[in-house]
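Asks: next input, structure requested:
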Amino acid sequence: MNSKNDPIHKRLAEFVQDKITGGTFIGISDEKEVFLSFEGLTPEDESVAKTKVKGHFGDEINKIATIVSVSMEEVTRMVDGLNTALKELDEEEEKKPDLLDIGNF
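Replies: Residues are numbered from 1 along each chain as shown. Alright, predicted model coming up:
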């Protein structure tokens, strides 16, 4: 089933599904760049998984890129945090005296 005659994307998908816990095969580009997604893995575990895939497929693939999915809740939290930080920065700037302001005459 894993013969060299099978399309690479099929063999990659099967390998990742069977051998990489928490990994998902997303696709492969015309330049042989492989796209994977990982759920619940540490960066170290992701690196080990990528090495395992590269070791198995060798020259059939080039780079391996990690695709990260972000939920809308996570995006909303990040935007709210950024807005809060910007507001605090603006408030700090307003509190600083303007050294060039010589006041009223």
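
Asks: okay, helices next: where are they in this protein?
Replies: Counting by DSSP state H, the segments of the chain that form helices are 8-19, 43-57, 72-95.

Asks: got a markdown table for these, with mean neighbour count and mean pLDDT too?
Replies: Bear in mind the C-beta positions are built from the backbone N, C-alpha and C, glycine included. Listed next are the helices of the chain as a markdown table, based on neighbours: other C-beta atoms under 10 Å; pLDDT from 0 to 100:
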| stretch | mean neighbour count | mean pLDDT |
| --- | --- | --- |
| helix 8-19 | 15 | 94 |
| helix 43-57 | 15 | 95 |
| helix 72-95 | 9 | 87 |
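
Asks: got JSON lines for the ones you listed, with distance to I64 too?
Replies: Putting the helices of the chain into JSON lines (distance: least, C-beta to C-beta, whole Å) gives the following:
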{"stretch": "helix 8-19", "distance to I64": "10"}
{"stretch": "helix 43-57", "distance to I64": "5"}
{"stretch": "helix 72-95", "distance to I64": "24"}
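
Asks: right, so of those helices, which gets closest to F35?
Replies: Taking C-beta to C-beta, helix 8-19 is the member of these nearest to F35, at 9.8 Å.

Asks: what is that closest one packed up against?
Replies: strand 23-28, helix 43-57 (3 or more C-beta pairs under 8 Å, 6 or more residues apart in numbering; DSSP states H and E).

Asks: now these as a markdown table including distance to V34?
Replies: Output for these, formatted as a markdown table (distance: least, C-beta to C-beta, whole Å):
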| stretch | distance to V34 |
| --- | --- |
| strand 23-28 | 5 |
| helix 43-57 | 7 |
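
Asks: what's the closest of these to V75?
Replies: V75 sits nearest to strand 23-28 of all the helices and strands packed on helix 8-19, at 19.8 Å, using C-beta to C-beta.

Asks: could you dump that closest one to PDB, C-alpha only?
Replies: C-alpha atoms of strand 23-28 as PDB (Å, rounded to 0.1, in the frame of the first residue of the first chain):
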ATOM      1  CA  GLY A  23      -0.400  15.600  13.500                       C
ATOM      2  CA  THR A  24      -2.500  16.300  10.500                       C
ATOM      3  CA  PHE A  25      -1.300  16.400   6.900                       C
ATOM      4  CA  ILE A  26      -2.600  19.600   5.200                       C
ATOM      5  CA  GLY A  27      -0.900  19.400   1.800                       C
ATOM      6  CA  ILE A  28       2.200  19.500  -0.400                       C
END
